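Student: Sequence unavailable; structure follows:
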């Protein structure tokens, strides 16, 4: 039987939200403790993905500077 967390992780994976998928359980645990509004939780959830993607872009930029073609 598939749990709710597994369903969420599968959906996040299907949407390509890898950073959120990886941190989902921690984000949910933190939310259960702090009880943020839905909007605040969604902001934090999506912020996690944005931060990870920006970090990836910065890493690519750094590699380009180090190893130009």
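Tutor: Great, that's in hand. Keep in mind that this is a model prediction, so the values were computed, not measured.

Student: Output the contacting helices and strands for the helix or strand encompassing residue 29.
Tutor: For residue 29, the host element (DSSP states H and E) is helix 18-34. Secondary-structure packing of helix 18-34 (3 or more C-beta pairs under 8 Å, 6 or more residues apart in numbering; DSSP states H and E): helix 4-14, helix 38-66. To be clear about C-beta, it is placed using only N, CA and C from the backbone, and glycine gets the same treatment.

Student: neighbours around residue 46, how many?
Tutor: Neighbour count for residue 46, taken as other C-beta atoms under 10 Å: 13.

Student: Name the spans of this protein whose pLDDT lies under the cut-off.
Tutor: Along the chain, the parts satisfying pLDDT under 70 run over 57-69.

Student: One more pass at 90, please.
Tutor: For the chain, applying pLDDT under 90 flags the ranges 1-2, 52-69.

Student: Tell me which residue is most central in it.
Tutor: What sits nearest the mean C-alpha location of the chain, by C-alpha atoms, centre = their mean, is residue 20, with 2.3 Å.

Student: Tell me who's in contact with it.
Tutor: 12, 27, 45-46, 48-49 (C-beta atoms under 8 Å, 6 or more residues apart in numbering).

Student: need those residues in JSON lines with distance to residue 55, can you?
Tutor: Shown next, in JSON lines, are the contacts of residue 20 (distance: C-beta to C-beta, whole Å):
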{"residue": "12", "distance to residue 55": "18"}
{"residue": "27", "distance to residue 55": "17"}
{"residue": "45", "distance to residue 55": "17"}
{"residue": "46", "distance to residue 55": "15"}
{"residue": "48", "distance to residue 55": "11"}
{"residue": "49", "distance to residue 55": "11"}
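
Student: Of the residues you listed, grab the buried ones for ChimeraX.
Tutor: Listed next is the ChimeraX selection for buried residues among those, using 16 or more other C-beta atoms under 10 Å:
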select :12,45,48,49
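
Student: Residue 25: what's its closest spatial neighbour, skipping adjacent residues?
Tutor: In this structure, residue 25 finds its nearest non-sequential neighbour in residue 5, 6.4 Å apart by C-beta to C-beta, 6 or more residues apart in numbering.
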